[in-house]
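Peer 1: Need coordinates for the following:
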Amino acid sequence: MNEIYAKIAKLSDKFTAMAYGLTTDKNKIDNAVQELMLYFLQMNPKTLSDIYDKDGIEGITKYGAVALRRSLTSPRSALYYKYEKYYTHIDSSCYNTSFTSNNDTMAYSVANNKNIANIPNEKVDNYQWTKLEEIDKALEDCTWYDKKIFELYYYEGNTLDSLAEKTSISRNSLFTTIDKVREILKKKLNE
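Peer 2: Presented below is the predicted three-dimensional model:
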């Protein structure tokens with residue numbers, strides 16, 4: 001397996017070039033390629049070796065290209081939940097504006113290139129962060145199992161079905177655990 005992982009690591013530049021076909025935001029591309037490499041590491045080793053045995057590095061590249069496209073275009077991808085969902089809606093002043101002038105026409109465009117680098121240095125309301133800190137502190141009182149299931153579900157953006165598939169724990173058991181943790185958090189945070 002280490003041989004396959006070494007060959008996948010060498011594909012990083014190729015995946016970066018592929019991502020430029022979908023977006024021009026360098027930060028987003030770097031994050032997407034990083035998530036793709038993490039995806040390969042967390043992937044079922046048998047499935048990965050089957051792809052490699054059948055089609056070689058070309059098969060891995062094609063598989064990675066599909067996963068990368070989904071990562072950059074789907075609002076259900078891990079990339080969206082980790083980066084896009086939070087950072088793109090922080091402040092409206094992070095739009096980039098440009099003004100172009102041709103001989104006969106003038107155009108004013110607003111590019112939707114929101115990213116953390118475009119946000120001005122302003123004081124941000126800390127209410128949101130203090131609530132998240134309170135939740136994290138309250139989770140410390142839960143068992144390690146309950147805490148980990150809750151984090152996998154909410155922080156990593158998994159669905160119950162995908163989490164059941166990844167962990168081999170029944171969907172009903174996961175739901176019961178997550179619901180129990182929600183109730184604990186409601187009681188602790190409303191005290």
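
Peer 1: and Leu163, what does it touch?
Peer 2: Ile149, Leu152, Tyr153, Ile169, Leu174 (CB atoms under 8 Å, 6 or more residues apart in numbering). Every C-beta, even on glycine, is put in place using the N, C-alpha and C of the backbone.

Peer 1: My guess is the first one contacts Val181. True?
Peer 2: Which is Ile149. Yes. Contact criterion CB atoms under 8 Å: Ile149 and Val181 qualify, at 7.4 Å.

Peer 1: Quick check on the two: which one has the bigger neighbour count.
Peer 2: Ile149 (24 against 21; other CB atoms under 10 Å).

Peer 1: so what's the more buried one closest to, chain neighbours aside?
Peer 2: Thr177 (4.8 Å; CB to CB, 6 or more residues apart in numbering).

Peer 1: again with Ser170
Peer 2: Nearest to Ser170 is Ala164, by CB to CB, 6+ apart, at 6.3 Å.

Peer 1: Which helix or which strand is home to Val33?
Peer 2: In the assignment (DSSP states H and E), Val33 maps to helix 26-42.

Peer 1: What lies in contact with that helix?
Peer 2: So helix 26-42 is contacted by 5, 8-9, 12, 15-16, 19-20, 23, 48, 60, 64, 67-68, 71-72, 77-79, 82-84, 115-117 (CB under 8 Å, 6+ apart).

Peer 1: Show me what secondary structure element comes after that helix.
Peer 2: helix 45-73.

Peer 1: how far is that following helix from where the chain is centred?
Peer 2: 19 Å (CA atoms, centre = their mean, to the nearest Å).

Peer 1: next one: stretch 179-191
Peer 2: Centre to centre, stretch against its chain (CA atoms, centre = their mean), the figure for stretch 179-191 is 26 Å.
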